[in-house]
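>>> 3D model of this:
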Amino acid sequence: MFVVGLDENGLGPRLGPLVATAVTLESPSYDRAGLRRAGLRVGIGDSKAVSGFGRMARAESIVLALLERLHGACPTEADELLRLVALDGLLPLRAPCPSRAAPQCWSVGISLPVFGGDPEAGHRALDRLERRRVRVRRACSAIACAGVLNGELRDDVSKLVIDLGLFERLILDARRAAGAEVTAYCGMVGGIRRYDGYFRHFDGTSVRVVGTDRARCAYHVDGLGDVVFEVHADDAHLPVALASMLGKYVRELAMERQNRFYRERDPVLPAPSGYHDPVTARFVERSAPLRRRLGIVSDCFERLR
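Residues are numbered from 1 along each chain as shown. A predicted model of the protein is given here:
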C-alpha cells in the first residue's frame with residue numbers, strides 16, 4: 001500500500017516561502033504506532049521539535065540521504081536540490097520573479113550540506129526503517145514564495161485555501177506516481193476542521209466525508225483514495241514527520257540564501273528566521289535602506305499578512 005504524509009512549513013511567517021511537502025511510503029501494511037516509534041528512535045519526528053531554527057543538522061542528514069536513495073545521487077548545491085524536490089521543477093519557481101527581485105532569492109549559491117548534516121548518518125537512519133519493510137518512493141515540495149502568496153492574497157484568496165491547494169496538488173501527484181490509490185495523512189490546515197468547501201483541485205471528483213471529530217477529518221476521493229486531516233499529524237505519522245522535516249529544510253535553505261544575500265552587502269545585519277520575532281523585526285527595519293538602494297520589490301520581500 002502507498003501512504004502519503006503531508007505537512008506545511010511557513011504558513012505564518014513575515015518572510016520567506018510557504019512550503020507544502022508530501023512523502024510517499026510503500027509498505028505491505030501501515031503500522032502507525034510502530035513506525036512512529038521507529039522514526040523517533042532514529043531522530044525522525046515533528047520538525048518543530050527535532051529541527052528548529054539553528055538545529056538543522058539532523059534534518060539535513062536525513063533529507064540528503066533520502067534524496068540520494070530516490071534519485072541516485074546526493075544533491076551538492078541548493079538549486080540541484082530544488083530541481084529534485086520542487087513539484088513543478090526549478091524554472092517555474094523562478095518564472096514569477098521580477099528581475100529586480102530575483103537576486104535576493106537566486107544569486108547566492110549554497111553548497112550542501114550547509115547546516116552540518118552528514119548524509120551517511122541519514123542513510124543509517126533510513127536503513128533501520130527499511131528493516132521494517134518500509135521504503136520511501138517519492139518526496140516533493142510545492143513552494144509558494146512571498147510574491148506568489150501576496151498576489152493570491154490580493155485576489156482575496158485566503159492563506160488556508162492557498163495552503164490546501166498545495167496539498168491537493170501534491171496528493172494528486174502522489175497518486176499519479178504510485179499508479180494506485182493512496183492513503184494521505186495531512187496536518188490540519190489553518191485551524192479548521194472541515195475542508196470540503198475549500199478544495200480547488202479535486203473538482204469533478206466525488207469527495208465524501210467518511211468521519212470527523214475535533215481532532216480528525218477524513219474524506220474519500222474517488223479514484224484517488226483516502227485523505228485524512230489530523231491534529232498533530234507530524235507527531236503521530238512517520239510519513240508526515242518526514243514531510244515536515246523535508247519541508248523545514250527547503251524553507252531554511254531559502255532563508256539561508258536570502259540572509260547571505262543581504263549580509264554579503266551589509267555584514268552587520270542580523271540573520272533572521274523569517275518568523276514574527278524580534279530578530280526578524282530588526283532585520284526588516286535595518287535592511288530597508290539597502291533594499292531601496294538595490295530596488296528589491298516589496299512584494300517579493302515581505303508578506304502582506
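
>>> tell me the contacts of residue 7?
20-21, 47, 186-187, 233-234, 240, 243-244, 247 (C-beta atoms under 8 Å, 6 or more residues apart in numbering). (C-beta placed from N, C-alpha, C; glycine too.)

>>> at 6 Å instead, please
Neighbouring residues of residue 7 by C-beta atoms under 6 Å, 6 or more residues apart in numbering: 187, 234, 240, 243-244, 247.

>>> same check on residue 121?
Residue 121 is in contact with residue 61, counting by C-beta under 6 Å, 6+ apart.

>>> wait, a helix at it?
Yes: counting by DSSP: H, G, I helix; E, B strand; the rest coil, residue 121 is part of a helix.

>>> what about the nearest residue to residue 70 once chain neighbours are set aside, which SS state?
Leaving aside its chain neighbours, residue 70 sits nearest to residue 139 (6.2 Å; criterion: C-beta to C-beta, 6 or more residues apart in numbering). Following three-state DSSP, the label given to residue 139 is strand.

>>> can you give me the strands in the protein?
2-9, 18-26, 135-144, 182-187, 207-212, 216-221, 225-230 (DSSP state E).

>>> can you tell me which of the contacts of residue 7 lies nearest to residue 32?
Nearest to residue 32 among the contacts of residue 7 is residue 240, at 10.3 Å by C-beta to C-beta.

>>> and that closest one, how far from residue 247?
Distance, residue 240 to residue 247, using C-beta to C-beta, to the nearest Å: 10 Å.

>>> do the same with residue 113
From residue 113 to residue 247 the distance is 17 Å (C-beta to C-beta).

>>> more neighbours, the two?
Higher neighbour count among residue 113 and residue 247: residue 247, with 31 against 19, using other C-beta atoms under 10 Å.

>>> separation between the more buried one and residue 253?
Plainly put, residue 247 is 11 Å away from residue 253 if you go by C-beta to C-beta.

>>> what's the distance between the closest residue in space to residue 60 that isn't next to it in sequence and residue 192?
For residue 60, ignoring the flanking residues on the chain, the nearest one in space by C-beta to C-beta, 6+ apart is residue 117 at 2.8 Å. As judged by C-beta to C-beta, residue 117 and residue 192 stand 35 Å apart.

>>> same thing with residue 86?
27 Å.

>>> between these two, who's got more neighbours?
Shown here are residue 86 and residue 192; by other C-beta under 10 Å, residue 86 has more neighbours (19 against 13).

>>> what's across from the more buried one in the sheet?
residue 141 (DSSP bridges).

>>> isn't the residue nearest to residue 70 up against residue 23?
Yes: using C-beta atoms under 6 Å, residue 139 makes contact with residue 23 at a distance of 4.9 Å.

>>> joint contacts of those two?
With C-beta under 6 Å, 6+ apart, residue 139 and residue 23 have no common neighbours.

>>> could you report the neighbour count for the residue nearest to residue 60?
Residue 117 has 22 nearby residues by other C-beta under 10 Å.

>>> so what's it scoring on pLDDT?
Per-residue pLDDT puts residue 117 at 95.
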